[in-house]
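Asks: Okay, structure incoming, though there's no sequence with it:
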């Protein structure tokens, strides 16, 4: 289908436009209203997300889903894949805002900026999920990166937070530069920035001997460095534990879920649309490259998580490992793998955000993120401890929780391509991960606290907690999620 | 109507868990009674199924199959044959007994304990009834979580170590099994015709030319499943979690562990490894050389190694734990023989060992509750102080060491009879285990109950009524099945013959 021209495209772009409008509104109204104590900016941002969500459904109903459309002369694409990721990202942002309202570590004076930045980063991630042009890909990635640097350093009184932001920006700049170099190589070889045309162009220059397969592989590796940094895959993961530890907890949760999901969206679209043709695959075995990266990522993440005593840092390493599991689905980019990633991301959204929410709650009550403050939680706050246990077992991949079903789909995708060794490494990693997740469970259930006062949480806390617990228990049992994720495809 | 009974039996304990969780924490009596009721219902249903089971056919009975995860052709498919109905009865019987055994000695978190116990029971019952490979795996893993907490929270001094060791070992085994399950699923047909259905897979795997029937493929998936089940049985060298878990676990949980969880391993081996992968089984049980004898060899090692380790123990509970390893060896040996005598003997041994080891652990628990230690050499002369207790213990010991006339004899005798036809030397050597078994049980009997009464225990109270109630049904079973083993064998004879037909 012909790409739609700029002005006509705007109608399909309303979800994104609404996010920008609300971000601007939050900043301006925050300047005008001098009420720093109340959380109205947060609620305004939530309304913005809600409006955007409605707009997504409306614009989606205008489109024939079998025939995705290209907007802005082929810069971005509107298809089911993009819609899925946008909804996922909206949910993650909404959860982050709700965590932020409850978090006690954020500076009340900077509320307006904080929520405006969250809306802006969501906007950037929307673009990541739908860009189909090399230039657009880079711009969306940078929008997200720059905003995340500021958000990671948002605890102005904490040196750790500043350190996190600084490390983040240093690594980020190098990764972006490397990626830009790779993109320019690809642009030079293909002569086009449109990723829907890259595959045929590259295939023809490969066939004519214009470029060597090695050259294309080098360009792909450079691009992988940029995307790998975003999804925190080894060996580009070094920034993430420090950043995750230093950043405010809601932002850590956001980065580990939303940023990763957006990174995967971009990654999948780029490779699936740009390089997934038999001609290219024949000469460049980047599937194997991805398999190795995947195995490395989960192993590094899990082994590094083993000795951690800080729960936030532990979850940071564990989310690196989960990036590795997700990459298993991306190896060879089959449609089975794609729907496995989609399913796993839905599950991961709930279980990982849920775990971080508990970290927020415990940090509020005890002022600490260390594993010691979880001691005896089963008697101090039985419901919170129970919820945490469910999230952690689900992250390990133990039935009957949803994490198991997600992992099963990923292993299914890998084994269907005959990559038994990768499935093996993945499963052994699951066993290793049990060890450190169980340490938190041990602290909560098997050890007792010196301080035995019970924690008191409000009803709304439990309501929000159950929003994460219920899906973590039930998603795996419901066929609708499987058929939904099987429907998400990329053309 | 009858179809629903089996599912009802599986999920009543789960319902019970929800009810127990909703009860107020302080109402301890109410919680205990509710748990007892929710374990008695499955027992009644199990007895009903056992009585009404049609023993003249090997077909699956009381089966239900409804689509669950359609996209991946997963069904909620449960049903029973002679083998599963026997083990379901065992599980359902041990449920209320364990609740009674936990009546007085759970000092903290009674509500959580009972809720977890009920969840465990659902997992076990579901496992023995599942006929869909995926469902089978989910139930298999469902027993892990409650077990981890039951050992880890309510166990002895080294409970944390024991609990995580149990969890890691079993999870390690089961992830290998998961790879095998996925491999079987993906090779079961064209993308639209793939299936997890166990009966269908068994048929496909013996269809010549089908991908599942390929001997090379069968060997690998056989190994995947085998390691998963071997950890559970446990088969040497995967057994080291067992003594730790048993020693630390509270009495009732040891009973479940020895009585049911170990059987999950051998049951899974029969249901999947033997029935679905006869070509794979052939490699490890049929043929000359070490590979053809490997399974029998593992059974032999279990018997001899377990028995000698038991002989060396001075901790009463550890002794019983190692004796379990030895007795499960007879099951492996009987299964390796793959003839009707061997398999019938193995299945009978599974049931009988479940009953007898449950008795032994209950008896150890009774003594521990009174003396607060389990050091065999620290007792002496209890026979004069606790005559009833001594009588029941002697019965359990005799049954366990294989005295003819009690149930333990038949399983071992049939297993050896079957095995002797296939592996003469190994079978002869395995009888060492029986001799050693007699030695450690009689020696223990002598050290604990005979001789002069240790003055420390002059005031030791006799076994009470509640404890007798937990032991009597099991004691009666050992005597009745010792006199009339055919009552049990008739239940699964036809199913086993069907299995032997598939294997050969």
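Replies: Happy to help now that I have it. All values derive from a computational prediction rather than experimental measurement. Residues are numbered from 1 along each chain as shown, chains lettered A, B, ... in the order given.
Asks: any idea where the helices of the stretch 401-504 of chain B begin and end?
Replies: Taking DSSP state H, counting those that start in this stretch as the test, the helices found in the stretch 401-504 of chain B are B:407-422, B:424-449, B:465-483, B:486-503.
Asks: Tell me which of the ones you listed sits nearest to residue A:411.
Replies: With C-beta to C-beta as the measure, helix B:486-503 is the member of those nearest residue A:411 (28.6 Å). (C-beta placed from N, C-alpha, C; glycine too.)
Asks: wait, which of the helices of the stretch 401-504 of chain B is closest to residue A:152?
Replies: Residue A:152 lies closest to helix B:465-483 among these, at 59.6 Å (C-beta to C-beta).
Asks: For burial, what's the neighbour tally of residue A:22?
Replies: Residues within reach of residue A:22, counting by other C-beta atoms under 10 Å in any protein chain shown, total 25.
Asks: State the distance from it to residue A:38.
Replies: 18 Å (C-beta to C-beta, to the nearest Å).
Asks: Repeat that for residue A:350.
Replies: 29 Å.
Asks: same thing with residue A:89?
Replies: With C-beta to C-beta as the criterion, residue A:89 and residue A:38 are 27 Å apart.
Asks: Out of these two, name the residue with the larger neighbour count.
Replies: A direct count of neighbours by other C-beta under 10 Å for residue A:89 and residue A:38 places residue A:89 higher, at 28 against 11.
Asks: Give me the nearest residue to the more buried one, chain neighbours excluded.
Replies: In this structure, residue A:89 finds its nearest non-sequential neighbour in residue A:125, 4.9 Å apart by C-beta to C-beta, 6 or more residues apart in numbering or on different chains.
Asks: Report the contact partners of that neighbour.
Replies: For residue A:125, the residues meeting the contact criterion (C-beta atoms under 8 Å, 6 or more residues apart in numbering or on different chains) are A:85, A:89, A:140, A:144, A:258-259, A:261-262, A:265.
Asks: Quick check: residues of chain B near chain A?
Replies: Residues of chain B lying close to chain A (C-beta under 8 Å from any C-beta of the partner chain) are B:67-72, B:137-138, B:141-142, B:144-145, B:148-149, B:152-153, B:159-160, B:163-164, B:167-168, B:171-172, B:175-176, B:178-179, B:182-183, B:185-186.
Asks: Any chance you could list what contacts the lowest-mean-pLDDT helix or strand in chain A?
Replies: Least confident helix or strand of chain A, by mean pLDDT, DSSP states H and E, is helix A:278-283 with a mean of 70. Contact with helix A:278-283 is made by A:199, A:202-203, A:206-207, A:213, A:216, A:275, A:287, as judged by C-beta under 8 Å, 6+ apart.
Asks: is it true that residue B:26 lies in a strand?
Replies: No: using DSSP: H, G, I helix; E, B strand; the rest coil, the assignment for residue B:26 is coil, not a strand.
Asks: How many residues are close by it?
Replies: Residues lying near residue B:26 (other C-beta under 10 Å) number 9.
Asks: rewinding a little: filter the residues of chain B next to chain A to the buried ones?
Replies: Burial by neighbour count, judged by 16 or more other C-beta atoms under 10 Å in any protein chain shown, picks out B:68-69, B:71-72, B:137-138, B:141-142, B:144-145, B:148-149, B:152-153, B:159-160, B:163-164, B:167-168, B:171-172, B:175-176, B:178-179, B:182-183, B:185-186 from the residues of chain B next to chain A.
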